[in-house]
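# Here is a sequence with its predicted model. Questions after.
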Amino acid sequence: MQLKNKVAAITGGSAGIGRGIAEAYLAEGAKVTIMARNTEKAQAMLAELDAGDDLVFIQGDAVNQVDVEGFISQTISHFGSLDILVNNAGGSNDLQPLVDLTDEAFDHTMKWNVYSTFWATRLAVKTMIANEWGRVINISSTEGKHGKPVFTAYTAAKHAINGMTKSIAREVGTAGVTVNSICPGLIITDIVKDNGPATAESMGLTFDEMVTLFAKDSALQRPNTVEEVAAMAVLLASDAGGGITGALLSVDGGTAQY
């Protein structure tokens, strides 16, 4: 019960990595709020996990500032505090060659990833600083350390998140707040299954060929798992992770070896 009575807020928390972290936090004794767009999927998650009052769903879209800031405010109002923020919402629905990348697609990727992280963190750290304890965990990507063809907007967004992580960590460290990025490699989540075929096609590959190609880029030669990322998120949220801040921690099977 490493997180007993801690309050955690997770954006994009109804599926994939976000859901995996929520489940891990609940198992460690935390009270959790999740923000997600899909009400049906989130309600199904609440029913499946049967965590009672310890798990709360707040509907919202990460590209909308009012939704993101409302999620943080409602978490604090509901549970009386906020100890852990996991900025998991993000991704890209428009992976394509640079010459075809529109301003609108680039802007959407920035809002979904960078702005959502900025909005949530700016508000959450006020409470954490007042409490002299807090954890901010940004779910970045191995693309936050290097790049791939057709990933221009997504790569730029994840590099930006990693830059914010380093800067904010320096700013709030003496207040007892740590800020870190987890940089996962390829994980076959629902969003990857949904968007992967189009991405693969833009690279001239089938989905299975793309998965094999990305896996070969790692030392383990396989995709990572949600559980592996969730384990890192538990460490960073716990007292045991109190000495880690400003770090970009890879859970990518050795893809980016720094």
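Thanks, I have the structure now.
# all contacts plus neighbour counts: C-alpha atoms, from now on.
Fine.
# those strands in this structure, which residues are they?
7-11, 31-36, 55-59, 84-87, 134-139, 177-184, 248-251 (DSSP state E).
# Strand partners (parallel or antiparallel) of the fourth one?
Meaning strand 84-87. strand 7-11 (parallel), strand 134-139 (parallel) (DSSP bridges).
# where in the stretch 151-258 of the chain is pLDDT low?
Residue ranges of the stretch 151-258 of the chain with pLDDT under 70: none are present.
# go again using 80 as the cut-off
For the stretch 151-258 of the chain, applying pLDDT under 80 flags the ranges 190-191, 194-196, 199, 202-203.
# any chance you could map the helices in it?
Ranges of helices within the stretch 151-258 of the chain are 152-172, 190-202, 207-216, 226-237, based on DSSP state H, counting those that start in this stretch.
# would you turn those helices into a markdown table with distance to residue 60 and mean neighbour count?
Formatted as a markdown table, the helices of the stretch 151-258 of the chain follow (distance: least, CA to CA, whole Å; neighbours: other CA atoms under 10 Å):
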| stretch | distance to residue 60 | mean neighbour count |
| --- | --- | --- |
| helix 152-172 | 20 | 21 |
| helix 190-202 | 17 | 16 |
| helix 207-216 | 30 | 16 |
| helix 226-237 | 22 | 20 |
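# who wins for proximity to residue 86 among those?
Nearest to residue 86 among the helices of the stretch 151-258 of the chain is helix 226-237 (8.4 Å), distances taken as CA to CA.
# I'd like to check the angle between the closest one and strand 177-184, please.
160 degrees (axes from the mean of the first three to the mean of the last three CA atoms, to 10 degrees).
# Keeping just the C-alphas, turn helix 226-237 into PDB.
Extracted C-alpha coordinates of helix 226-237, given in PDB (Å, rounded to 0.1, in the frame of the first residue of the first chain):
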ATOM      1  CA  VAL A 226       1.100  -1.300 -20.000                       C
ATOM      2  CA  GLU A 227       2.100  -3.100 -16.700                       C
ATOM      3  CA  GLU A 228       5.700  -2.200 -17.200                       C
ATOM      4  CA  VAL A 229       4.800   1.500 -17.500                       C
ATOM      5  CA  ALA A 230       2.400   1.300 -14.600                       C
ATOM      6  CA  ALA A 231       5.200  -0.100 -12.300                       C
ATOM      7  CA  MET A 232       7.400   2.900 -13.100                       C
ATOM      8  CA  ALA A 233       4.500   5.200 -12.400                       C
ATOM      9  CA  VAL A 234       4.000   3.600  -9.000                       C
ATOM     10  CA  LEU A 235       7.700   4.000  -8.100                       C
ATOM     11  CA  LEU A 236       7.700   7.700  -9.100                       C
ATOM     12  CA  ALA A 237       4.500   8.400  -7.100                       C
END
